[in-house]
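A.B. asks: All I have is the shape, not the residue letters:
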């Protein structure tokens, strides 16, 4: 067991972990933060995407022990985030989710697109979303939802 | 799947990392961004007893910009290259390559040194760094040594690194003003590993005309004198190059690689 200390959703956490425990299992099993979903567990499906030190990352192929000293932000911490509020509304309006399993990872990636690529067109949105798999929606609604938020933010910026 | 039980070490400098890896022998494995090692651990394709995490070694995070080259620390991430947070010695080529590696969440963790040391033939950096004539810097108990990239990549997932040695940096010469590069890859799905890679470099100042075929069954295949191929990339020449790269006998793959190479050469003019 290795002792780690990190920030999870802004709060300091100290724990003893087995080095082989990946970050998603640590969050789900030890901290009961079950908003992070596990799909493939080998870095392909994107369901477990969350933020480490402010940047999206796969929590299934990042070890909890390697996050000693890091700041981790899961989907549970975005309740009061204005961009995520806009995305939630757009995801609902555009039917951007069905079963919802991919949604936490989709939202983290979508928020990264909004923040990092304010001028993204549909082709760029699709490229940036290619690492998050959804088996329900066919992506049409997800792409539309992200476009809506980008368009609205552009309109407000004028 | 879950990884097997392993111990974890976080060395502060290269000397400590090298010592840990040398002591651990073939039971120890070094880890950078873990974007390839992570899946391999979870799938139990690799079952180490000790993981040596290189991500917190300051030296490996540094980039050095000199008059004629940029030296990247092994743990510089694809995202840092994509965003221009580190200098690009190739006037945009490396940024473009980085932007098209896997997905942003992977690029935020994955490193140029990790990718090269992993030596997956279908990864971008092995082919691109061959094209650019990079030098690889390795450290071991016996000190440091430099490898020309062609001597570093020795085969399918194989490098010249000896047990206990780690890749610490990659030196990429600056592309002269008149030099041009072209690159093309075929991916079945955006962000997936490519099925075929072609690359070409035309550098009149240094008299270099190089081409590379990647995503083969071995190390990238480099054509050191590609002048004739670049000047007239006709089908016979392209297919001959694919055959020389070991793709003879696989009619789909050799044609796909030939087209990737042709498109890379066509992009030299752009």
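C.D. replies: Thanks, I have it. Note that the coordinates shown come from a computational prediction; the quantities given were computed from them, not determined experimentally. Numbers count the residues shown, from 1 in each chain, chains lettered A, B, ... in the order given.

A.B. asks: Mind jotting down where the strands sit in chain A?
C.D. replies: A:2-8, A:11-17, A:49-52, A:55-58, A:71-73 (DSSP state E).

A.B. asks: how about these, which one is nearest residue B:153?
C.D. replies: For the strands of chain A, the distance to residue B:153 is smallest for strand A:55-58, at 26.3 Å, taking C-beta to C-beta. Where you see a C-beta, it was placed from the backbone N, CA and C, and this is true even at glycine.

A.B. asks: right, is the closest one up against chain B?
C.D. replies: Yes - legend: contact between strand A:55-58 and chain B by C-beta under 8 Å from any C-beta of the partner chain is shown at A:55, A:56, A:57, A:58.

A.B. asks: Tell me the one of these nearest residue A:87?
C.D. replies: Among these, and counting by C-beta to C-beta, the member closest to residue A:87 is residue A:56, at 13.8 Å.

A.B. asks: Next up, the contacts around that closest one.
C.D. replies: A:49, A:50, A:108, A:109, A:112, B:104, B:105, B:108 (C-beta atoms under 8 Å, 6 or more residues apart in numbering or on different chains).

A.B. asks: Tell me the residues of the stretch 101-250 of chain B that contact chain A?
C.D. replies: The stretch 101-250 of chain B has residues B:102, B:103, B:104, B:105, B:106, B:108, B:109, B:189, B:190, B:191 near chain A, with proximity defined as C-beta under 8 Å from any C-beta.

A.B. asks: biggest helix in chain A, by residue count?
C.D. replies: helix A:140-157 (DSSP state H).

A.B. asks: could you check the distance from the residue in the stretch 101-250 of chain B that chain A sits nearest to over to residue B:113?
C.D. replies: Closest to chain A within the stretch 101-250 of chain B is residue B:103: 2.6 Å, counting by C-beta to the nearest C-beta. Residue B:103 sits 20 Å away from residue B:113, taking C-beta to C-beta, to the nearest Å as the criterion.

A.B. asks: Alongside chain B, which residues does chain A contribute?
C.D. replies: A:2, A:18-20, A:22, A:25, A:41-44, A:46, A:49, A:52, A:55-58, A:60-63, A:65-66, A:68, A:109, A:112, A:116, A:126-128, A:130-132.

A.B. asks: Can you check the pLDDT for residue A:129?
C.D. replies: We have a pLDDT of 97 for residue A:129.

A.B. asks: My read is that it contacts residue A:139, right?
C.D. replies: Yes - with contact defined as C-beta atoms under 8 Å, residue A:129 counts as touching residue A:139 (6.7 Å).

A.B. asks: Show me the contact partners of stretch B:77-96.
C.D. replies: So stretch B:77-96 is contacted by A:55, B:33, B:63, B:65, B:69-70, B:72, B:76, B:97-99, B:101-102, B:104, B:106-112, B:115, B:128, B:132, B:172-175, B:181, B:183 (C-beta under 8 Å, 6+ apart).

A.B. asks: still on that earlier bit, which outside residues touch the longest helix of chain A?
C.D. replies: By C-beta under 8 Å, 6+ apart, helix A:140-157 touches A:83, A:86-87, A:90-91, A:93-97, A:106, A:110, A:113-114, A:118, A:120, A:122, A:125-126, A:129, A:134.

A.B. asks: Got a PyMOL select line for the buried ones in those residues?
C.D. replies: Buried residues among these (16 or more other C-beta atoms under 10 Å in any protein chain shown), as a PyMOL selection:
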select buried, chain A and resi 83+86+87+90+91+94+96+97+106+110+113+114+120+125+129+134
